[in-house]
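Visitor: This is a predicted model, with the sequence first.
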Amino acid sequence: MIYLDTSAAVKVLIVEELTQEMRDLFAGTEPLVSSRLLELELAVALQRRGGEEERISRVLSRISLFTLDDGVLATALEARSGLRALDALHLATVLQLEGIVDSMLSFDRELVQRAQEAGIPPHPLCA
């Protein structure tokens with residue numbers, strides 16, 4: 001199972017470098033998971049960059065969303081990752097899914113590094 005953050009998922013909606021690779025990933029069968037935070041971040045990204053908001057639901061339908069709860073917040077606080085708040089919540093979510101998630105797919109190098117330090121390997125597209 002691959003954990004995605006917003007920097008990866010947004011590439012499916014907005015044409016950027018690696019958009020085709022992300023669309024290929026979404027067309028595949030590999031299970032994808034993220035934080036419920038992804039829904040908000042995608043909506044904000046599309047509002048700021050001018051994308052088609054109705055496409056968000058199609059992207060989200062391909063991803064299992066993990067609920068933000070007190071456990072995720074506690075993990076984010078305990079991790080003391082030094083990340084920005086939203087990235088810290090993504091890291092905490094992937095840590096909550098340790099043993100289920102095979103890799104993390106993000107184009108935020110600092111987030112990928114912190115996940116790797118915590119034992120979550122980066123997805124090959126991160127390189």
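Guide: Here it is on my side, so go on.

Visitor: in stretch 61-77, what counts as buried?
Guide: For stretch 61-77, the neighbour count (16 or more other CB atoms under 10 Å) marks 63, 66, 68, 72, 75, 76 as buried. C-beta here means a position set from N, CA and C on the backbone, and glycine is covered the same way.

Visitor: What is the nearest of the residues you listed to residue 19?
Guide: Nearest to residue 19 among the buried residues of stretch 61-77: residue 63, at 16.7 Å, using CB to CB.

Visitor: Look up the residues forming beta bridges with that closest one.
Guide: Judged by DSSP bridges, the bridge partners of residue 63 are residue 32.

Visitor: right, and it touches residue 32 too?
Guide: Yes. The criterion here is CB atoms under 8 Å, and residue 63 meets it with residue 32 at 4.6 Å.

Visitor: Cross the buried residues of stretch 61-77 against helices and list the overlap.
Guide: 72, 75, 76 (DSSP state H).

Visitor: Out of those, which comes closest to residue 112?
Guide: Using CB to CB, those come closest to residue 112 at residue 76, 16.6 Å.

Visitor: which residues does the closest one contact?
Guide: 85, 88, 89, 91, 92 (CB atoms under 8 Å, 6 or more residues apart in numbering).

Visitor: what about residue 18, distance to residue 97?
Guide: 23 Å (CB to CB, to the nearest Å).

Visitor: Please identify which of the two sits among more neighbours.
Guide: residue 97 (18 against 14; other CB atoms under 10 Å).

Visitor: I'd assumed residue 64 was in contact with the more buried one.
Guide: No. In this structure, residue 97 is not within contact of residue 64 by CB under 8 Å, at 9.7 Å.

Visitor: any residues in contact with both of these two?
Guide: Common neighbours of residue 97 and residue 64 (CB under 8 Å, 6+ apart) are residue 33.

Visitor: follow-up on the earlier one: buried ones from the contacts of residue 76, can you make that a PyMOL selection?
Guide: Buried residues within these, by 16+ other CB under 10 Å, are selected in PyMOL with:
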select buried, resi 88+89+91+92
